[in-house]
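>>> sequence? don't have it. structure:
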């Protein structure tokens, strides 16, 4: 099976940067071996790899590039603003303008800007603990990421460097299972400071689920936090809380706010947010205080992005084209006899493709093979597919054709019952793991460190 010409290797990145990138999701172990190691530039919905090929991009900076790469209006707004300076001895006048506009669009009484969602979610936890005098955080186990800080990462397999006592302060319940949360409140309600969740991922919230969380938080005196980092500007301008009609106490916003520029925010009710102010009653919360948190370049990008979203009805257009994309991929799955194996779930604004394997390792092998063949067909995607205005009708058509071609190449492997001979490199691996590859790295299997197995004729650790 012919493959793309190999791109420049990622080995030097692994030597220079822990994990090979500044976001683990972009690392070399998250892509098939024929993917370009780095991206040279982007234009609209396409990116140029260091292998010299242009690809249709469906990851869009982990869903942060909401309009398209290098969007002229956003770049012009940023260029104009940075000539005035980007960081001053006192707050920039732009911070006042941006805060007012942000609250008009997203609601809430007060807002704090920052550079990434992890900072904002951790700030929300800190406020909730100060406001309630309690310490426990409750999150759904199905939602993959809230923060790189101890309170969340301690709940994952990648928990190195985190004290056990910190890990015990976060409890988990099952998304869409209100009873599992009710049981936690009944047993630990006097200790629960907040419940944090994404309002929606790929499964539709069950009737009464989000409202039921609101009722439980009110009854037990906990803070209700919705992490709209991903869902904001996708389901609706105000994300899941607008789309599903629920009001949290605090909201976290991030990906997409500024078309890839680093702008995130924590917003919410004054009674809680004001604890991070200069003259609070009781003990002051040192909330978010970062030198670059309100950098003018990002705020200018955010203001222009919000303007374009409202002016051009971006969300409605994304949903419309997304519906055609979803139907086209589902038709391709059926046409290639892969129904029940290849999967496509979620909403038209943010669908997710994958593979229904017998277990995590099995499904990741097949997903890697599919991603490999998508790269071969000129598409870069990891699963989540972000619709943007740059994904026009021609891009949708080309993507459906690429999936059709990829599924056609995967089908013979399915018929054989194995990826062997079809997958040209190791399988992608879970981001949150304490796993290593086999010594020779040939079989692509994942081995828990404490159960290293013999494979490829060798034993021992990588």
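Right, received. Where do you want to start? Keep in mind the model is a prediction, meaning the values are calculated, not measured.
>>> distance of residue 20 from residue 371?
17 Å (Cβ to Cβ, to the nearest Å). Yep, even glycine has a C-beta here, placed from its N, CA and C like the rest.
>>> what about those two, which has more around it?
residue 371 (25 against 20; other Cβ atoms under 10 Å).
>>> tell me which element that one falls in.
Following DSSP states H and E, the helix or strand that holds residue 371 is helix 360-376.
>>> which element follows that helix toward the C-terminus?
strand 379-380.
>>> packing partners for that next one?
Here strand 379-380 touches strand 54-57, helix 393-416, going by 3 or more Cβ pairs under 8 Å, 6 or more residues apart in numbering; DSSP states H and E.
>>> Distance check, residue 283 against residue 166.
In terms of Cβ to Cβ, residue 283 sits 20 Å off from residue 166.
>>> These two: who's more crowded?
residue 166 (14 against 8).
>>> and stretch 169-177, how far apart are its ends?
End-to-end distance for stretch 169-177, by Cα to Cα, to the nearest Å: 21 Å.
>>> ugh, wrong one, I meant stretch 266-283
Using Cα to Cα, the two ends of stretch 266-283 sit 20 Å apart.
>>> Same check on stretch 337-345?
With Cα to Cα, one end of stretch 337-345 sits 18 Å from the other.
>>> quick check, distance from it to the centre of its chain.
For stretch 337-345, the separation from the chain centroid amounts to 23 Å (computed by Cα atoms, centre = their mean, to the nearest Å).
>>> One more: stretch 67-81?
The answer for stretch 67-81 is 23 Å, by Cα atoms, centre = their mean.
>>> and the helix holding residue 371, which residues are buried?
363-376 (16 or more other Cβ atoms under 10 Å).
>>> Those residues: which two are farthest apart?
Within those, two members stand farthest from each other by Cβ to Cβ: 363 and 376, at 20.3 Å.
>>> Tell me, domain by domain, which residues of the protein belong where.
11-70+325-431, 87-294 (automatic domain parsing).
>>> out of those, nearest to residue 304?
domain 87-294 (7.9 Å).
>>> what stretches of the protein score poorly on pLDDT?
Applying pLDDT under 70 to the chain flags the ranges 1-11, 280-281, 360, 432-462.
>>> Contacts only, for residue 153.
147, 159, 162 (Cβ atoms under 8 Å, 6 or more residues apart in numbering).
>>> between those, which is closest to residue 115?
residue 147 (13.2 Å).
>>> Quick one: closest of the domains of the chain to residue 318.
domain 11-70+325-431 (3.9 Å).
>>> how far is the closest one from where the chain is centred?
15 Å.
>>> Ok, stretch 259-276 next?
18 Å.
>>> That one: which residues count as buried?
259-269, 272-276.
>>> Stretch 145-162 too?
By 16+ other Cβ under 10 Å, the buried positions in stretch 145-162 come out as 145-156, 158-159, 162.
>>> before we move on, back to that, could you check the angle helix 393-416 makes with the helix holding residue 371?
If you take axes from the mean of the first three to the mean of the last three Cα atoms, to 10 degrees, helix 360-376 sits at 130 degrees to helix 393-416.
>>> So which elements touch helix 360-376?
Using 3+ Cβ pairs under 8 Å, 6+ apart: helix 360-376 touches strand 350-355, helix 393-416.
>>> Following element in sequence after the strand or helix carrying residue 210, please.
Assessed by DSSP H and E, residue 210 sits inside helix 209-220. The first helix or strand that comes after helix 209-220 along the chain, using DSSP H and E, is strand 223-228.
>>> So what are the sheet partners of that next one and their directions?
If you go by DSSP bridges, strand 223-228 pairs up with strand 192-197 (parallel), strand 250-253 (parallel).
>>> Select, out of the ones you listed, the one closest to residue 224.
strand 192-197 (5.9 Å).
>>> host element of residue 298?
Going by DSSP H and E, residue 298 is part of helix 296-311.
>>> What's the first helix or strand after that helix?
Following helix 296-311 toward the C-terminus (DSSP H and E): helix 314-335.
>>> Can you list the buried residues in that next one?
Buried residues in helix 314-335 (16+ other Cβ under 10 Å): 314-315, 318-319, 321-322, 325-326, 328-330, 332-333.
>>> Next, the distance between the ends of stretch 220-237.
End-to-end for stretch 220-237, by Cα to Cα: 30 Å.
>>> mind checking how far it is from the chain centre?
Worked out by Cα atoms, centre = their mean, stretch 220-237 lies 14 Å from the chain centre.
>>> I figured residue 80 hits residue 300, correct?
Yes. Between residue 80 and residue 300 there is a contact at 7.4 Å, judged by Cβ atoms under 8 Å.
>>> who has more neighbours, the two?
residue 300 (26 against 11).
>>> I'd say that one and residue 84 touch.
No. Residue 300 lies out of contact with residue 84 (Cβ under 8 Å); the separation is 9.4 Å.
>>> that older thread, who touches the helix holding residue 210?
176, 178, 181-182, 185, 189-190, 192, 194-195, 197, 199, 222-224, 240, 244, 246-249.
>>> are any of those buried, and which?
Applying 16+ other Cβ under 10 Å to the contacts of helix 209-220 flags 178, 181-182, 185, 189, 192, 194-195, 197, 199, 222-224, 240, 244, 246, 248-249 as buried.
>>> list the contacts for residue 255?
61, 62, 63, 64, 66, 117, 229, 230, 232.
>>> ok, the nearest residue to the second one once chain neighbours are set aside - contacts?
It refers to residue 62. Distances taken as Cβ to Cβ, 6 or more residues apart in numbering put residue 25 closest to residue 62, at 6.0 Å, once the chain neighbours are dropped. Taking Cβ under 8 Å, 6+ apart as the criterion, residue 25 is in contact with 62, 382, 431.
>>> circling back: just give me the closest of the contacts of residue 153 to residue 389.
For these, the nearest to residue 389 is residue 147 (30.0 Å; Cβ to Cβ).
>>> Surely the closest one is in a strand?
No. Assigned with DSSP: H, G, I helix; E, B strand; the rest coil, residue 147 falls outside any strand and is coil.
>>> May I have the phi/psi pair for it?
phi -170, psi 150 (degrees, to the nearest 10).
>>> Look up how far residue 327 lies from it.
36 Å.
>>> What of residue 157?
Taken as Cβ to Cβ, the span from residue 157 to residue 327 is 36 Å.
>>> Now do the SS call for the closest residue to residue 30 other than its chain neighbours.
Residue nearest to residue 30 in three dimensions, not counting chain neighbours: residue 428, with 5.4 Å by Cβ to Cβ, 6+ apart. Secondary structure state of residue 428, per three-state DSSP, is coil.
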